[in-house]
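Colleague: Predicted model, plus sequence, below.
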Amino acid sequence: MTARAAVVTELRLSSYRSLRGLVVPLTPVTLLTGPSGSGKSTVLEAYEALARLGGGEALGEVFGTVSGGPSAYVPQRARPDGQGRRGFRLGCTVDGPAGTVHFDVAVQAEPELRIAGERLTGAGGRALLSTALRDPARRTVQAEWHTAGATRVTRAPLPDDRLGTALLPLRVAGTTEGQRHVLAAA
């Protein structure tokens, strides 16, 4: 039996460059049309960024080389929070071996580039992986993933410069059904 190939069916740009709250349904052939400056290239750039991050590339490799640095991805009108942080959000929906999976990531661009949080959810909104930046002084995010074993959730720190989703195959043994589901979703 051959495993079902993963297919990205939707791209979400909650807050990315000039685009806010944009949901782009994707089909085997998707045409992006519109006038100059309407965001077509930004949508393609976001798709590429998610693919590169999902492949394990570091944030700096994906977002650090553009003119203006990581801040160029932050919507112009985005105000910093009380600690001077600003960032952007991306997400996608994928149909694959684990069924329909939703992935969302929040990236802090200022004052330094790092993952602020990510969430991987499966059917019924079940959280399969979530990460959160708990201590801004540390270069880690706190991660927790579903295991469905004797311990229902595993918690561990992960680096804040790569997606936890991309790192899961290095951290999850795959010994329980829950772990195998998380790995298939990742």
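Modeller: Sure, I can see it.
Colleague: lowest confidence element among the helices and strands of this structure?
Modeller: Least confident helix or strand, the chain: helix 177-185 with a mean of 89, by mean pLDDT, DSSP states H and E.
Colleague: what does the average pLDDT come to for the top helix by length along the chain?
Modeller: Longest helix in the chain, counting residues (DSSP state H): helix 40-54. What helix 40-54 shows for mean pLDDT is 95.
Colleague: now stretch 62-72
Modeller: Computed over stretch 62-72, the average pLDDT equals 91.
Colleague: List the buried residues in that stretch.
Modeller: 62-63, 70-71 (16 or more other CB atoms under 10 Å). Quick note: C-beta positions are derived from backbone N, CA and C, even for glycine.
Colleague: who does the longest helix of the chain touch, helix- and strand-wise?
Modeller: Helices and strands touching helix 40-54, by 3 or more CB pairs under 8 Å, 6 or more residues apart in numbering; DSSP states H and E, are strand 7-16, strand 19-25, helix 59-63, strand 86-96, strand 99-110, helix 164-171.
Colleague: can you pull the buried residues of that helix?
Modeller: For helix 40-54, by 16+ other CB under 10 Å, it's 42-43, 45-47, 49-50, 52-54.
Colleague: The residue nearest to residue 47 when sequence neighbours are not counted and residue 162: what is the separation?
Modeller: With CB to CB, 6 or more residues apart in numbering as the criterion, residue 47 has its nearest non-adjacent residue at 5.7 Å, and that residue is residue 11. Here the criterion is CB to CB, to the nearest Å. By it, residue 11 lies 21 Å from residue 162.
Colleague: that older thread, please list the outside residues in contact with the longest helix of the chain.
Modeller: Helix 40-54 has contacts (CB atoms under 8 Å, 6 or more residues apart in numbering) with 8, 11, 13, 16-19, 22, 24, 32-34, 59, 61-63, 90, 92, 103, 105, 162-163, 165-166.
Colleague: Can you turn the buried part of those into a ChimeraX selection?
Modeller: Burial among those is assessed by 16+ other CB under 10 Å; the matching ChimeraX selection reads:
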select :8,11,13,16,17,19,22,24,59,62,63,90,92,103,105,162,163,165,166
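Colleague: Pipe the helices and strands packed on helix 40-54 into CSV and attach distance to residue 178 per row.
Modeller: Below are the helices and strands packed on helix 40-54 laid out as CSV (distance: least, CB to CB, whole Å):
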stretch, distance to residue 178
strand 7-16, 24
strand 19-25, 29
helix 59-63, 28
strand 86-96, 17
strand 99-110, 14
helix 164-171, 12
